[in-house]
Each structure stands twice: as structure tokens, then as C-alpha cells.
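Student: how would this look folded up:
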Amino acid sequence: MRQVKAVQLFHDLVNKNEPARLLGLDVGDKYVGLALSDFQNKIASPFSVLVRKKSNIDLMASDFETLISKYSLKGFVVGLPFSCHRVSTDAAQVKVLIDALSRTKKLQGLKYTYWNESFTSKNVELLLRPLNLNNAVHSKTMLDKFAAVGILQGYLDYVNRKMKLMETE
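Tutor: Prediction:
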């Protein structure tokens, strides 16, 4: 796995003459919420949730390998809580997961970028509250999937706007 700048990931994606999509990741303590872009890389949709445990990192990397192949994924957009003042424990746990996935060597060549996820889960929580989801696990996994959508959609909106501006210059 190789970290690249946000615009570089998108630039590399659109310069390939093959179908390519991105996967958004919302990394939490127990789950990793996933969102999938469309083939035009304009719209993010909720996709799935992976269970996160230190003991299943190889299994998680294998799951990502399968998803990469099956859905023509060319990169990950990983939510990271940005803070001007300090590195949060949430940010540290995201980087620990990415480092662990990299060490498995199963995702060689995959590019990823970090994207500010500040308040994403809180915003989704506010949107889902009126649904009165009674099952705690269902509610949490729904929250994680839609938080991943917020991360990926924010990224897609930004890079599409940026590419459009670069075309007009």
C-alpha cells in the first residue's frame, strides 16, 4: 500500500482507460464501514462493514483483496480525524490499521489517501436518529457505512471540483 495526496489518487484514477472505483473507509474500534464509488467516481454509496480485530488482520486484508478484484477498486479513501492541536487516539488507531494492512503484503501497489472525517459520524448519527433503529448492532453498522459514505462523498466532491477548475485554467 502506498499513501498519495488526495488529488494525485484521483488523477491517477481518471488517467487510466479502464473502469475504476474507490472505496471509502470509516475506521472504528469494532467495525470498518465501507462505501463504494460509482464508475464515474461522482457518487458514493453505502456498501458493507468489516469486523475489526487485531487477530483478524490477515482475514481483513484477504477481504480487501477480494473486494479490489470484484469491484475494480483502484484506491482507498481513509477517514482520518484531523486536528490542528494534537494527534487524537482515533487518528492513531486509523494509522495502526493501515500499517497492519500494509504489513500483510496482500495489498501491494494499492494507493490510498487520508481524508478529513471530522464530525462525519456525528452528522450521520443525527440523520439516523429519527429512524429509531432499535437493534444496537444494526444501528452501529448502519452508522459506520453511512459515515464511510460521508468521507468518500466529501472526497469525490472535492476532487471533481478541483479537476474541473484545472481544466478551465
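
Student: I'd like to know which helix or strand in the protein has the lowest mean pLDDT.
Tutor: Least confident helix or strand of the chain, by mean pLDDT, DSSP states H and E, is helix 120-128 with a mean of 60.

Student: may I have stretch 143-150 as CSV, with CA atoms only?
Tutor: C-alpha atoms of stretch 143-150 as CSV (Å, rounded to 0.1, in the frame of the first residue of the first chain):
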residue,chain,number,x,y,z
LEU,A,143,-23.8,4.4,11.1
ASP,A,144,-20.4,3.1,10.0
LYS,A,145,-21.5,2.5,6.4
PHE,A,146,-23.0,6.0,6.1
ALA,A,147,-20.0,7.6,7.8
ALA,A,148,-17.9,6.0,5.1
VAL,A,149,-20.3,7.5,2.5
GLY,A,150,-19.8,10.9,4.1
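
Student: in stretch 94-110, what's buried?
Tutor: 94, 97-98, 101-102, 104, 106-107, 110 (16 or more other Cβ atoms under 10 Å). For the C-beta atoms, the positions are set from N, CA and C on the backbone; glycine is no exception.

Student: Lys42: what's it in contact with?
Tutor: 156, 160 (Cβ atoms under 8 Å, 6 or more residues apart in numbering).

Student: how does it look with 10 Å?
Tutor: 153, 156-157, 160 (Cβ atoms under 10 Å, 6 or more residues apart in numbering).

Student: quick check: it vs Lys164, distance?
Tutor: 11 Å (Cβ to Cβ, to the nearest Å).

Student: try Leu73
Tutor: 24 Å.

Student: between the two, tell me which one has more neighbours.
Tutor: Leu73 (18 against 9; other Cβ atoms under 10 Å).

Student: which residues touch the more buried one?
Tutor: 20-23, 36-37, 64-65, 67, 110.

Student: what about 6 Å?
Tutor: Listed by Cβ atoms under 6 Å, 6 or more residues apart in numbering, the contact set of Leu73 reads 21, 23.

Student: who's it bridged to?
Tutor: Arg21 (DSSP bridges).

Student: just the mean pLDDT for the top helix by length along the chain, thanks.
Tutor: When the chain is parsed with DSSP state H, its longest helix is helix 136-168. Average pLDDT, helix 136-168: 84.

Student: buried stuff in it?
Tutor: For helix 136-168, by 16+ other Cβ under 10 Å, it's 139-156, 159.

Student: thanks again, I'm all set now.
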